[in-house]
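A.B. asks: just a sequence and a predicted model for now, questions to come.
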Amino acid sequence: MAQGYSHPEVLVETNWVAEHLSDPKVRIAEVDYDPSANYTLGHVPGSVLFDWRKDINDPLRRDILTGEQLTELFRRAGVDDGTTLVLYGDFNNWFAAFAYWVFEYYGVRNVKLMNGGRKKWIDEDRPLPTEVRAPSPSKFTAGPTNEKLRAYFDEVRSGLPKVKGGKLRLVDVRGPKEFTGEITAPPEYPNEHAQRGGHIPGATNIPWAQAVNENGTFKSREELEKLYHGKGVTPDEPVITYCRIGERSSHTWFVLHHLLGYPDVRNYDGSWTEWGNQVRTPIEKP
């Protein structure tokens, strides 16, 4: 259901996906942090795999994939300019939302998220075959980047006076214990700690999970507006989201930018692993 979103076309329900499994103009892709625990064990019929670490990130630099790497990925997956690309994944679409943000950063159009992700598909007892199909290669070529969607360390640091003056909102979407510095990463991510705990000065903590229902689907527009407006995050001010490595913050970026229609939202994908490790970088704790 559209739920009154500003851009309801960016979401499709599991029923829609089930009805388009054989549509040659639709490509479904599962985006996983650990494919061996998800895609390999079963996936939406006909879906291709986008391995978050290997396919969506550069293998050498701490950066997202390059335009050339995106071109290679989409050609291999059979995605071209006329394809409707539907993304879904584990962890309530954390990594699928990150891929969505990356693809939009490169100007890819007609990308959608399957509402509820892998969890909802499984909960509805839908088919999960293990066979992998190799689609026909495409002739896709990545376009130029849209820097209005991405924030970098220097921009965030130089923007701290604006945060203090109420002219820029920083939204920290991590859990409360990460925000306070009690922990530097969730237990399931033991190798992704920063040297220091806490949060960026002036940031507002709105955990990403508060935007979704128990089944992983997004809450209604009314509920989302109550959540973000109640914390002072409104569409009349620029917003930068961040988390630990940029995946959860891309989920909140998707909510604010597409579901609520905020005009100026950027994802700081360097996030806390960058901020918490930089020498002489200001940090707040309770």
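C.D. replies: Nice, thanks for sending it over.

A.B. asks: quick check on R150: phi, psi?
C.D. replies: phi -130, psi 140 (degrees, to the nearest 10).

A.B. asks: what is the burial count for it?
C.D. replies: By the criterion of other Cβ atoms under 10 Å, R150 has 20 neighbours. The C-beta positions use only the backbone N, C-alpha and C, and glycine is treated the same way.

A.B. asks: quickly list what it is bridged to.
C.D. replies: Here R150 shows beta-bridge partners N267, assigned using DSSP bridges.

A.B. asks: touching, it and Y105? I think so.
C.D. replies: Yes. With contact defined as Cβ atoms under 8 Å, R150 reaches Y105; the gap is 6.0 Å.

A.B. asks: ranges for the helices of the stretch 151-286 of the chain?
C.D. replies: Under the criterion DSSP state H, counting those that start in this stretch, the stretch 151-286 of the chain contains helices at 153-158, 160-164, 176-180, 221-229, 247-254, 271-275.

A.B. asks: closest to E72 out of these?
C.D. replies: helix 247-254 (21.8 Å; Cβ to Cβ).

A.B. asks: counting contacts, what elements does that closest one pack onto?
C.D. replies: Judged by 3 or more Cβ pairs under 8 Å, 6 or more residues apart in numbering; DSSP states H and E, helix 247-254 is in contact with helix 94-105, strand 239-242, strand 265-267.

A.B. asks: if we use 10 Å, what do you get?
C.D. replies: helix 94-105, strand 169-172, strand 239-242, strand 265-267, helix 271-275 (3 or more Cβ pairs under 10 Å, 6 or more residues apart in numbering; DSSP states H and E).

A.B. asks: distance from the first one to the middle of the chain?
C.D. replies: The gap between where helix 94-105 is centred and where its chain is centred comes out at 5 Å by Cα atoms, centre = their mean, to the nearest Å.
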